[in-house]
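Undergrad: curious how this folds, go ahead:
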Amino acid sequence: MEEKILSIIIPCYNSEKYIRECLDSLRAQSLGGVEVIVVDGGSADQTLAAVSEYSDLVSSVISEPDEGQSDAINKGFKRASGQFVTWLNSDDVLLHNSLSSVVDALNESEADCVFGNVIWFDEGRRIMKVAYGPKDDKRLLKSGSLLPFGPSAFLRQSMLEEVGMLDLSYHYIMDIDLWWRIARGKYQISRLKFPVWGLRLHQDSKTSPVVLNGVAPDAMVQERKRLAEAHSLPALSRKRRIKQLLHRFFDGSLLQTLAETARYKGKDIGCYVCKD
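TA: Sure thing, here's the model as predicted:
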């Protein structure tokens, strides 16, 4: 049996509209040693019919009622056999040629958690922003700030077994809770030099109101307060936001974000080829 270096978990529920694009982005990677696990929450639409078209790609399918996205991802974690694991939302995509560069970086790194960078794109596949996180998160971590870019994170299985899986009590920021547990655990974290993940912003996405309009639902606000208390984080103030911007300005990641956004904004996301 071929040894798997990476397991990719795709949580989904009534995802027929976008899941083919998601799976097409994986099929286009041309990389062996990758395990794809689809975890469906008991969809009532044609999601599973769409997934069945990718039997050459999908290693395993779980379809049963669950307690939400976090529960679905945890089910995938439990089944995953790769040395590293990540998840990809069913309405998002992995960027063209990204996985081979990711796997090269994982093979060369001793890190326990590797974060990539992200492209925001709209329902019409048009690029809205190419976003680069800070090249060195250590100073921001000390000040209670964290800019991980969610599902572009690749986690070492052995570390995940130690730190624990997603907390089902969080609906919006379960990933941020996990990143803070990793950061507080003194695990080695590194940042990839390139974007990995395309985040689709659309009316049905739970993160769109926050990203597009800066408006968080009351339930998310309450989760943020609970997270801050759990991890002893300072309030998200204007001073902290300025500190984040200054950090990213001086390390070049903010300028890189502005330059790449200006170059690609409005173009189809398929034009962006990962460059390591």
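Undergrad: all contacts plus neighbour counts: C-alpha atoms, from now on.
TA: Will do.
Undergrad: lowest-confidence helix or strand of this structure?
TA: Of the helices and strands making up the chain, the lowest-confidence element is helix 138-142, at a mean of 63, by mean pLDDT, DSSP states H and E.
Undergrad: just the helices in the stretch 101-250 of the chain please.
TA: Secondary structure of the stretch 101-250 of the chain (DSSP state H, counting those that start in this stretch): helices at 138-142, 157-163, 174-184, 208-213, 218-231, 238-250.
Undergrad: please identify the deepest-packed of those helices.
TA: helix 174-184 (a mean of 19; mean count of other CA atoms under 10 Å).
Undergrad: which residues of this protein score low on pLDDT?
TA: The model of the chain has pLDDT under 70 over residues 1-3, 137-145, 148, 150, 236, 274-276.
Undergrad: check it for its longest strand and report it.
TA: Ordering each strand of the chain by length in residues (DSSP state E) puts strand 189-200 first.
Undergrad: give me the residues contacting that one.
TA: Strand 189-200 has contacts (CA atoms under 8 Å, 6 or more residues apart in numbering) with 91-95, 98-99, 102, 105, 111-123, 125, 130-136, 151-152, 183, 269, 274-276.
Undergrad: drop anything exposed from the residues you listed.
TA: 91-95, 98-99, 102, 105, 111-122, 125, 130-135, 151-152, 183, 269, 274 (16 or more other CA atoms under 10 Å).
Undergrad: show me those that map onto strands.
TA: Among the buried ones among the contacts of strand 189-200, the ones falling in strands (DSSP E) are 93-94, 113-121, 130-131.
Undergrad: isn't Phe235 right up against Leu227?
TA: Actually, residue 235 is Ala. It isn't Phe. No: using CA atoms under 8 Å, Ala235 is not in contact with Leu227; the gap is 10.7 Å.
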